[in-house]
Structures are given as structure tokens and as C-alpha cells.
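A.B. asks: task: produce atomic coordinates for the following.
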Amino acid sequence: MNKLAVVALGGNALLRDNQAGTIEEQEQNTTDTLENLIFLINEGYDLVITHGNGPQVGNILMRNDAGENIYQIPQMPIDICVADSQGGIGYMIERMMRNVLIKHDIKKEIVTLVTAVVVSGDDPAFQNPTKRVGRIYSREQASQLEKEKGWTFKEEVKTAGGWRRVVPSPKPIQIINEKVIKTLARQGVITIAVGGGGIPVYYDSEGKVRAAEAVIDKDLASSLLAGRIGADEFYVLTDVPFIYRNFKKPDQEKLEFLDYSDTVKYLAAGEFSEGSMAPKIRACLLFLEHGGIKAVITEAFKLEDKSYGSKITMNYDPADQSKYQQKTN
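C.D. replies: Residues are numbered from 1 along each chain as shown. The predicted structure is shown next:
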């Protein structure tokens, strides 16, 4: 049986900070990233691709606002906005992937699956919304929307006088259609799923599926999927080539090979930023806890270069890299 890899595309794999966000920019970034996956296909891996949706779903929410204010078009809830972003981004990745495969004369089927992810209706995150979404409002506008829609707002740190809506970010506990995703991937179909962390849903007291006004961390949902479908390897593509201790400080230290227990210690000691690297590392640790062999965090355009990337395994002796190579090859 081929190895199975889940590859989580970070935001910069689709859109970079200094870009306007045109479809031409996103298509080129996506193509550049997907080129890095060809080596996995050539080495016989089955692939599942997941992706973020932060800028895109934010734009959808702003279109919601504009449509309601200018044309009186009813706003759609966050679950529908996430589903919209999954379909649009998934289509883009699928089309760019087809073109990359044509370029390399590789014949494979590709499918995009709009994916719902189950959370608990009792998750404490619903009592403490923290994830900022949508546009920036004035204090007066935010107060009015709190009254009209029951939304929660927090003040923006970087924008004086600005306020943004915050929504819960509950923990993913189940991937709906995970068996379908596994079956497709194991049949050699490149499967795009769990976009933006998945569409957040929960089961009510009658066992019915209900939508949640929330967003789910993309890396956690991707890690959960990887564990539940029995993936061998989990890749998190981001905007830095390695994990670092004391990042951007004079004593910055690159961490290329990591043992599970040491990584847990670094995380507990606050070595990794909660705003960027810590959630990705938690996702990698979760994958290993569910039986994964290797998790890699690396730059989106450096995946093919094996000299890049921080590799995390359950048991690794940094003094003996042969153990690492024996376990992962």
C-alpha cells in the first residue's frame, strides 16, 4: 500500500501578505505550491490536500455587509460563508493541480469535497469567542450590530478606534465523510477536503446536524483528519522554513529534528508564539498521538527540498539521525 500524506496549505500558499488578492495572484501562488507536491506523487504517495480560507472568507463576510447595506440582500451565516470559500478555493486548487499534472504528464483524478466538521455544542469556546472575522467597524457601528444581531466585538490592537467581530473557535472532534475521503485517497484520487478547518456543525439533542456560528482551526482539523484516515505523514506548509526557538531574537535556534516529548516541553515553556507557530505544533503533536509517523512544518515553496523543514516524530534521538531516516523512509 502507498504511503498516505495529508498536506495542509497555509494562507501564504494561496495569498501573500503584500498582495491585493486578485485571482491571478492566488492562482500563481497555488500553482507554485502544488509544484512542490509532485515529488510526493512521484514517490508513490496518496494525497489529501487541505487549505486555509482566512482572507477569502473575510472577503465573503464583507460582501455580506455590502449586499445587506446597499441592496438589502439578507446576510448568510458563517457556516454558509465557509462552505462558499471551500467550493471556490477547492475549485481553484483542483484546476491548478490538473494543470500541474498535465505539465508533468501525470494521470490522476482530483476531487474537491465540501466538508463539514463536528464540534461539541458544549465546547467552552462558545462562551469565549476569540477569532476575529470580517471587516473593522467603528465603536458606534459595533454597538449597533451587537444590539441588532447579537454579535460580539473586540477592539483592534493595530487599528485605533477599530472593532471587529469575534466568533468561537471550538475544537474539532469528528470529520463528516472521513470514510469517503479515506476511500478516495486510497484509490489514488487526490482529494481536497476540510477547507478552512471545515464547516462547523454540531448534533443537537435530537441527533440532528445544526450549524454553528464559529470557525475551526485549519491545522487542528487537518491533523484530526490525518489521524482518523490513518495517514503516515502530515505536512503543514507555512511562511517559514523551520520551527525556531526564540524566534527573531539574537539567540534564535533552528529546530530541524524534534522528538515528541521535547516538543511538548518547548510548547509548555512558551517557546512558540500562540499567534502563529504554537497551534501548528499542537496539530502535529495531535497527529502523532493518533498514530502518525512523521509531521513536518516547512515553507510552502520548500517542501520538495528535504534539507528544509522541521520534522517531528514520536521518538527521535538528535544524536543519531540514522534512526530518523530508518523510521521515515
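
A.B. asks: got the buried residues for the helix ranked longest in the chain?
C.D. replies: Using DSSP state H, we find that the single longest helix of the chain is helix 78-103. Neighbour-count burial for helix 78-103, counted by 16 or more other CB atoms under 10 Å, picks out 78-79, 81-86, 88-90, 92-94, 96-97, 100-101. All C-beta atoms are positioned from the backbone trio N, CA, C, and that covers glycine.

A.B. asks: also stretch 184-200?
C.D. replies: 184-185, 189-200.

A.B. asks: that older thread, can you list contacts of the helix or strand that the longest helix of the chain is followed by?
C.D. replies: Using DSSP states H and E, the next helix or strand after helix 78-103 towards the C-terminus is strand 110-112. Under the criterion CB atoms under 8 Å, 6 or more residues apart in numbering, residues 86-87, 90-91, 93-94, 97-98, 101, 184, 189-193 lie in contact with strand 110-112.

A.B. asks: partner strands of the next helix or strand after strand 110-112, with direction?
C.D. replies: The helix or strand immediately downstream of strand 110-112 is strand 116-118, counting by DSSP H and E. Next to strand 116-118 in the sheet, as set by DSSP bridges, lie strand 174-175 (antiparallel), strand 199-203 (parallel).

A.B. asks: next, the angle helix 78-103 makes with the last one.
C.D. replies: Right, strand 199-203. In terms of direction (axes from the mean of the first three to the mean of the last three CA atoms, to 10 degrees), strand 199-203 departs from helix 78-103 by 130 degrees.

A.B. asks: what mean pLDDT would you report for strand 199-203?
C.D. replies: The average of the pLDDT scores along strand 199-203 is 98.

A.B. asks: tell me which other helices or strands the helix or strand following it touches.
C.D. replies: Next in sequence after strand 199-203, counting helices and strands by DSSP H and E, comes strand 209-211. For strand 209-211, the elements it packs on are strand 199-203, judged by 3 or more CB pairs under 8 Å, 6 or more residues apart in numbering; DSSP states H and E.

A.B. asks: need the strands for the stretch 1-150 of the chain, in chain order.
C.D. replies: Counting by DSSP state E, counting those that start in this stretch, one finds strands in the stretch 1-150 of the chain at the ranges 4-9, 46-51, 110-112, 116-118, 131-137.

A.B. asks: try the stretch 201-329 of the chain
C.D. replies: So, for the stretch 201-329 of the chain - with DSSP E, counting those that start in this stretch - the strands run 209-211, 233-238, 243-245, 253-255, 257-259, 294-299, 310-313.

A.B. asks: how about CSV for those, with distance to residue 143 and mean neighbour count added?
C.D. replies: Below are those laid out as CSV (distance: least, CB to CB, whole Å; neighbours: other CB atoms under 10 Å):
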stretch, distance to residue 143, mean neighbour count
strand 209-211, 26, 13
strand 233-238, 37, 26
strand 243-245, 41, 19
strand 253-255, 45, 14
strand 257-259, 47, 18
strand 294-299, 41, 24
strand 310-313, 44, 23
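
A.B. asks: for stretch 65-77, buried residues please.
C.D. replies: In stretch 65-77, counting by 16+ other CB under 10 Å, buried: residue 76.

A.B. asks: what's it in contact with?
C.D. replies: Residues contacting stretch 65-77 (CB under 8 Å, 6+ apart): 64, 84, 134-135, 211, 213.

A.B. asks: try it again at 7 Å.
C.D. replies: The contact list for stretch 65-77 (CB atoms under 7 Å, 6 or more residues apart in numbering) reads 64, 135, 211, 213.

A.B. asks: and the two most separated of these?
C.D. replies: 135 and 211 (21.8 Å; CB to CB).

A.B. asks: residues touching the residue nearest in space to the middle of the chain, list them.
C.D. replies: Residue closest to the average C-alpha location in the chain (CA atoms, centre = their mean): residue 218, at 2.9 Å. Listed by CB under 7 Å, 6+ apart, the contact set of residue 218 reads 8, 50, 52, 196-197.

A.B. asks: switch the cut-off to 8 Å
C.D. replies: Neighbours of residue 218 in contact, by CB under 8 Å, 6+ apart: 8, 50-53, 194, 196-197.

A.B. asks: ok, it to residue 41 distance?
C.D. replies: Using CB to CB, to the nearest Å, we find residue 218 at a distance of 23 Å from residue 41.

A.B. asks: I figured residue 230 was touching residue 287, is that so?
C.D. replies: No. Contact criterion CB atoms under 8 Å: residue 230 and residue 287 do not qualify, at 11.1 Å.

A.B. asks: any idea which of the strands of the stretch 1-150 of the chain scores lowest on pLDDT?
C.D. replies: Minimum mean pLDDT among these: strand 131-137, a mean of 92.
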